[in-house]
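J.: Next input, structure requested:
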Amino acid sequence: MLLQLLALAGLGFGGAGGRGLRAQESALRVVGSADPPYRVFGADGPSGLYFDLMREAARRLAWPVSFIEVPSARAFKMMENGEADLMLGPLLTPERQRFLSYTQVLLPAEDKVFYGRPDAPPLRRLADLEGRMIAVHRGKRYGAAFDALPGLRLQEVNDYRVALDMVALGRVDLAVVPERQGDLLLRQRQLDLRKLALRLEGETAYLVLSRRSPWLARQAQLEHAFQAMRDDGSWQRLVAAYR
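T.: Numbering: from 1, shown residues only. Okay, here's the model as predicted:
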């Protein structure tokens, strides 16, 4: 009987405690699209601002982590189905709250800006978007004011690099991109585009856990690790490296 009980414990039975045991046995699955400088999937392994922060928290907790690159829309579906455990960067929406647990870890907010060709007409207010074709990243949100605009002409793509290339080639009029990421891509790709005056104020980005993840039982531990990083200055040093 004693051996049978030990065997059951080893398999992870026993309510919340069992969930914790299962979490110990497999890596925390972090999913997301490649969005430099926040999430980078390179030859030397995952990097970028969000992943550097996550890796440091996991190191403190001695948690194994795997980083999986998938398109943004697919990442949300994996979180909803319990095929992934954690995402870094989603905005808060009522629809996502159904299947995501929003933690107290608030990531740096980032303004979204519009990029157009050098001869693009002025863009100073939301009403100026009327009639223009805008490239957006499939599955992402750009804030309540933009998302609520009626009649927007949107071209969804899976990569911000594609969005900017489409503007440069004249296939769309504008691309809306997080500012730090857009400026980096313009430098890297040497595109003849300019940043227009209109900007969408950055909303809070979150670290979220899937409500179907076995790691959900450890959310408080994760939040504590990130708070400790803020307290000892590690958070600030990592963020400053990407300014």
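
J.: And the residue lying closest to residue 194 once chain neighbours are set aside, how far from residue 125?
T.: Nearest in space to residue 194, with sequence neighbours left out and distances taken as Cβ to Cβ, 6 or more residues apart in numbering, is residue 118 at 5.7 Å. Just so you know, the C-beta spots here come from the backbone N, C-alpha and C atoms, and that holds for glycine as well. Relative to residue 125, residue 118 is positioned 21 Å away (Cβ to Cβ, to the nearest Å).

J.: got it, and residue 198?
T.: 7 Å.

J.: okay, those two: which has more neighbours?
T.: residue 198 (18 against 9; other Cβ atoms under 10 Å).

J.: nearest residue to the residue positioned nearest the centre of the chain other than its sequence neighbours?
T.: The chain has residue 89 as the residue nearest its centroid, 3.0 Å off, counting by Cα atoms, centre = their mean. Setting aside the residues directly before and after it, residue 89 is nearest to residue 205 in space (Cβ to Cβ, 6+ apart), at 4.7 Å.

J.: Confirm for me that the one you found is in contact with residue 105.
T.: No: applying Cβ atoms under 8 Å, one finds residue 205 not in contact with residue 105, separated by 9.7 Å.

J.: Now do the same contact list for residue 64.
T.: 26, 27, 28, 58 (Cβ atoms under 8 Å, 6 or more residues apart in numbering).

J.: next one: residue 37
T.: Residue 37 neighbours (Cβ under 8 Å, 6+ apart): 48, 49, 180, 181, 184, 242.
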